[in-house]
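[1] My questions concern the predicted model and sequence given below.
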Amino acid sequence: MKKEEVNVESHNAREEVSELMAGNLNSGLSKSLDPVYRIIKEETLSPRGQLLNLRVGNYTDLVYKSTLCMAAEQKSLSKIQFSRIMRKARKVLVEEGREPESAKAILIQLQEYLKD
């Protein structure tokens, strides 16, 4: 892909994340339901912490720490689509070539598997 295309795709994915986060992030996302937060107990890994980071444009490999299990959404009062937002945020990192090495390795393995 050309650099311009990557920038457009990344920009579009960032816009989609912003649209999905249009609601109030301070209500409805329960930390107690999130399996990653329950084990690590770090606010930046809680659903709300991750969304607040994304809201200020801080797209880091922390978005790969979510299990995408939808536990945070199941009893959410705000109806924020946390798993969908995390997938879009991951797309931003991929489009910018900043995904973690572990994600790159999984993608390579999947591509090899699908060739057969």
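    All right, it came through fine.

[2] Mind telling me what element the residue positioned nearest the centre of the chain is part of?
    Nearest to the geometric centre of the chain sits residue 86, at 2.0 Å (Cα atoms, centre = their mean). Residue 86 is part of helix 82-95 when elements are defined by DSSP states H and E.

[3] can you pull out the helices in this protein?
    Secondary structure of the chain, counting by DSSP state H: helices at 3-20, 35-40, 47-55, 71-74, 82-95, 101-115.

[4] quick one: low-confidence parts of the protein?
    1-6, 23-32, 75-78 (pLDDT under 70).

[5] change it to 80
    Residue ranges of the chain with pLDDT under 80: 1-6, 21-38, 40, 42-43, 71-79, 116.

[6] ok, back up a step: please identify the buried residues of the helix holding residue 86?
    For helix 82-95, burial by neighbour count (16 or more other Cβ atoms under 10 Å) applies to 82-83, 85-95. For the C-beta atoms, the positions are set from N, CA and C on the backbone; glycine is no exception.

[7] ok, those residues vs residue 111, which is closest?
    Nearest to residue 111 among the buried residues of helix 82-95 is residue 94, at 13.4 Å by Cβ to Cβ.

[8] List the residues that contact the nearest residue to the closest one once chain neighbours are set aside.
    The spatial neighbour of residue 94 that comes closest, neighbours along the chain excluded (Cβ to Cβ, 6 or more residues apart in numbering), is residue 103 at 7.6 Å. If you count contacts by Cβ atoms under 8 Å, 6 or more residues apart in numbering, residue 103 has them with 64, 90, 94.

[9] Then residue 21?
    So residue 21 contacts 51, 54-55, 80, 85 (Cβ under 8 Å, 6+ apart).

[10] Distance of it relative to residue 54?
    7 Å (Cβ to Cβ, to the nearest Å).

[11] Pull up the overlap in contacts between the two.
    residue 85.

[12] burial measure for the closest residue to residue 43 other than its chain neighbours, as a count.
    Spatial nearest neighbour of residue 43, chain neighbours left out: residue 49 (4.5 Å); criterion: Cβ to Cβ, 6+ apart. As a burial measure, residue 49 scores 18 neighbours (other Cβ atoms under 10 Å).
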